[in-house]
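>>> Here's my sequence, what's the structure:
(chains A and B)
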Amino acid sequence: MRLSSATIYNQNLNSMLAQQSEYQQAALEVSSGTRVVNPSDDSLAAAQAVTVRQSIAANEQYADSRAAITTSLSQEESTLDSINDAITSAMSLVVQAGNGTLSDADRESLATSLQGIYDTLVTLANSTDSNGNYLFAGYQSQSPAFAEDADGVMTYQGDDSVVSQQVSATQSMASGDNGASIFLSVSSSAGFIAEAGDNSGTLTFDGPDIADSSAANYGSAFTLTFSVADDGSTQYSLDGQDPVAYTDGETLEINGLNLTLSGTPAAGDSLTVSAAADADPDVFATLQNLITTLQTPVEDASDQAALSNTLSTASRELSNAQDNVLTVLTSVGTRLGQVEVLDTIGDDLALSYTERLSGLVDADYTESISRYVSLQVSMQAAQQTFASVQQLSLFEYI
Amino acid sequence: MSITSIGVSGLTAAQIALATSSNNTTNAYTDGYTRQVATFSASTAGNGVQVSSVDRQYNQFVTTQLNSSTSAESALSTYQTEIDQIDSLLADSDASLDTLLQSFFSAIQTLTSDASDTAAREEVVGAAETLASQFNQLGSYLSAMADDVNNQIDDQVTQINDLSAQIATLNGQISLSGSLGSTSNDLLDQRDLLVSQLSELVAVDVTVQDNGSYTVALSNGLALVSGGDSFELATEASASDPSEASISYVDAAGNSVTLGDSVLDSGSLGGLLELRDTTLADTQNQLGLMAVSLAQAFNTLQAQGIDLNGDSGTAFFSVADPLVYGNTGNTGDATVSASFSDDVSALTASDYTVTWSDSEGFTVTRNDTGASVDASYDSSSATLSFAGMNLTVSGTAADGDSFLVQPTRSAASSFTTLISEGEQIAAGTSSGSSDNTNALAMLDLQTSDIVGGKATLSETYASLVSDVGSTATRVAAQLETQSALTEQLTTLQQSESGVNLDEEAANLIVYQQYYQACAKIVEVGTTVLDTILDIS
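Residues are numbered from 1 along each chain as shown, chains lettered A, B, ... in the order given. Now for the predicted structure:
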């Protein structure tokens, strides 16, 4: 075919320019290491890359959440350990206080020690994190979890909520526990508590212990109220029912619970038995009550009975409180364990996402470089062709 | 006949041939130049030679093919130039929309770790502002592109009119010179060049009349040039959408006919129209849809929550209401305003046309699919509800009145944050400062199908990237094919009409020798004459 000079020139030039642009593209790919920058580079890969990047970002967010949760749970764990220690010390002081040979002064000094433990517990209950948030106040983290009210009673000021966070695509996890569940609760396995009223007699109790968990009304709270019959004998009535004669040292079975009563109750004395969870568990109130009792001088048998009853009740309550703290501690440990497992899964996911993303958008160096080199060769060829073809002209010979 | 005059006829012919070759040589690289060849013929009765004509080496068929291919290529290359801008706009970078969305949600995640942390709250506000500004930038860039496209359409229509007028003038000159018996090759070259330039702008059909003048018509048969007359195209604001330029044809009587996009589907004008009505509008709508979905979902959650000051949450983001344009041909006095409903799960990236008919009331059609849309009309409040929008009609529509609704066209450029203080984020649902329940719900939006009720924000962005990327790739591939075709046709056209310098060099040598030979004839003639004269 006849070719015009302009065609020859344009074709050679265009082919050189096309080579140059491809060469430039290949050079960019090699130098940046990225194959897909603009959507048009590979629309499918670019769109998938958006989705994968989103997954990577979400995965990182979950990892950040887990890191935050790990920090707060670890702090909670050590705080709970200290709380557990404090309760243990209080329990051993209660045991000491039960020693009948102690003088009023000895008890006063035990009360002082207990006051120290009480103060420690209050401090622990009002622990703050690095941002100054109260750990155990639920959502009300800007004010102390526990504070004394106008009557000097330690009161929970937080709420029943717990901050939780998304730790994986499907799981959310509490990053702490609130003060109510630590200090004002008992574990579900806690038993029963007997509490003497403001008695003036010498009634003491032993128990309650579970006798028959299948009995009718098992677990229902009850109150024994003592009175003196016309014949001078002591009698008690169960929840206001008809009085029954009282015998010193007698073991009663009520609502499936065994309760051994001894001493001589005065008229109007009472004894209430209820499930620990229903008895308004409050470790601060228990300690406060204990301290007040220990500070009260023992002058007669009724004082002795009151002391003994308080110690007995407090001992159970403290034991329940400790069980509860240990339960929370276990739950914290479990959560930390879960976080660790999720971290491993998250790291694996991150790796696989990164590999996927790299497969989608990154340049394959072997391929890119060999393409780059071959394009370099063909561009040089195009340039040489251009130069030599342009030299070929009959006019050179005229 | 004397030898000398025969020799002289050869000298004259050689000069014309040499001049033709020289002209070819000097115009070897001139646009639109057609190679000319001097045709010799023997003079009658042995009187030497004469140049019967200097012809253009021109093939009407190939030229027509080439012009049509040029139109198609020009449409594609215009489309590519424009879509490349959108393509780069969506390129992956630290400031791409998906990255900023992730940063925003990442800030919310930090907030869920400690809802009372004011620094974390400020972080969310900051990330939201960055996100909003990126939405704005994308939105404004695209609307600036739309303006630019409309301006280009205007410019090109002016150019088309100029070219038509010039072709008409040349038609007149050519038919005049034809009637005088001499055809000017230069004028023919000029006219063909103008037609080829016109073909780059818009696809035209050329018919050659008996008197040699061209009739140049649009693909629907409306003539731009007929003999010495040219007819103009005009641009005006579209009747349905005043923000767009529409093109109309003004006939000899001065009546204008609006041209549909299908008439102008080729040439750079066609490329611009197609880009404006498809990729550009779709991209604007998709981005807008993301902005509206994000804003509505966040604002709903904000309204359900309590902020750090203990107050009910206020709106976090704002977006412009849907745009509604009444057709300029409407005869009723109804005006329509629109707002988004709280539930935007039925919202799409399509535009809608609302038409009133006296018999059927309001009907709504989707502009992208042409499908009719279920709409409920509450006559007591004069509110028409469909696709996540409420349209309030005031005044009375006349039969056949129509309204164009663009739900999300301007949403991206108008997307702003209304919250400036971190405390205003309603992270909780109670007054507790560490209450993060609402913030968790906000974080959840990242993976919820909040866009049109069936896609996450990130999925929507991915599909936008995929749409633009694949369109750009398709256009690039089509352009490559079309360019190859144009190049092939150019080569074919040039093989006939183009100048080959080697050939001209050879011609120059040949005609130079020929000239020398003819000169020799004259010399011989002189010598012969001298011989006779010397006899005496």
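
>>> Count the neighbours of residue 103 for me.
Unless you meant another one, I'm taking chain A. Look at A:S103: counted by other CB atoms under 10 Å in any protein chain shown, it has 10 neighbours. Any C-beta I mention is one placed from the backbone N, CA and C, and that applies to glycine too.

>>> Please refer instead to chain B.
Going by other CB under 10 Å, the residues that sit close to B:S103 add up to 18.

>>> wait, it sits on B:G126?
No. Using CB atoms under 8 Å, B:S103 makes no contact with B:G126, being 9.3 Å away.

>>> and the closest residue to chain A within the stretch 201-350 of chain B, what are its phi and psi?
Nearest residue of the stretch 201-350 of chain B to chain A (CB to the nearest CB) works out as B:L308 at 9.5 Å. Per-residue torsions, B:L308: phi -70, psi -20 (degrees, to the nearest 10).

>>> residue boundaries of the strands in the stretch 101-250 of chain A?
For the stretch 101-250 of chain A, applying DSSP state E, counting those that start in this stretch gives strands covering A:146-148, A:154-156, A:164-166, A:172-174, A:192-196, A:204-210, A:222-228, A:234-238, A:244-245.

>>> between those, which one is nearest to chain B?
strand A:164-166 (5.2 Å).

>>> What helices and strands are in contact with that closest one?
helix A:43-97, strand A:172-174, helix B:97-113, helix B:437-444 (3 or more CB pairs under 8 Å, 6 or more residues apart in numbering or on different chains; DSSP states H and E).

>>> For B:Q516, find the nearest of the ones you listed.
For B:Q516, the closest of the helices and strands packed on strand A:164-166 is helix A:43-97, at 67.5 Å, according to CB to CB.

>>> Close to chain A: what parts of the stretch 1-150 of chain B are there?
B:28-29, B:35, B:83-84, B:87-88, B:90-92, B:98-99, B:102, B:105-106, B:109-110, B:112-117 (CB under 8 Å from any CB of the partner chain).

>>> list the contacts for the residue of the stretch 101-250 of chain A found nearest chain B?
Nearest residue of the stretch 101-250 of chain A to chain B: A:Y139, at 2.3 Å (CB to the nearest CB). Residues counted as contacts of A:Y139 (CB atoms under 8 Å, 6 or more residues apart in numbering or on different chains) are A:158-159, A:161, A:163, B:115, B:428, B:430-435.

>>> Next one: the closest residue to it other than its chain neighbours, what pLDDT does it get?
The spatially closest residue to A:Y139, leaving aside those adjacent along the chain, is B:G432, at 2.3 Å (CB to CB, 6 or more residues apart in numbering or on different chains). As predicted, B:G432 sits at a pLDDT of 81.

>>> on that earlier part again, of all the strands of the stretch 101-250 of chain A, which lies closest to B:I6?
Going by CB to CB, the one of the strands of the stretch 101-250 of chain A nearest B:I6 is strand A:164-166, 105.4 Å.

>>> Next to chain B, which bits of the stretch 101-250 of chain A? Give me the list.
So far as CB under 8 Å from any CB goes, the stretch 101-250 of chain A lies against chain B at A:131, A:133, A:137-142, A:159, A:161, A:163-166, A:169, A:172, A:175.

>>> Give the ChimeraX command for selecting the buried subset of these.
Here is the ChimeraX command that selects the buried residues among these (16 or more other CB atoms under 10 Å in any protein chain shown):
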select /A:133,137,138,139,140,141,159,161,163,164,165,166,175
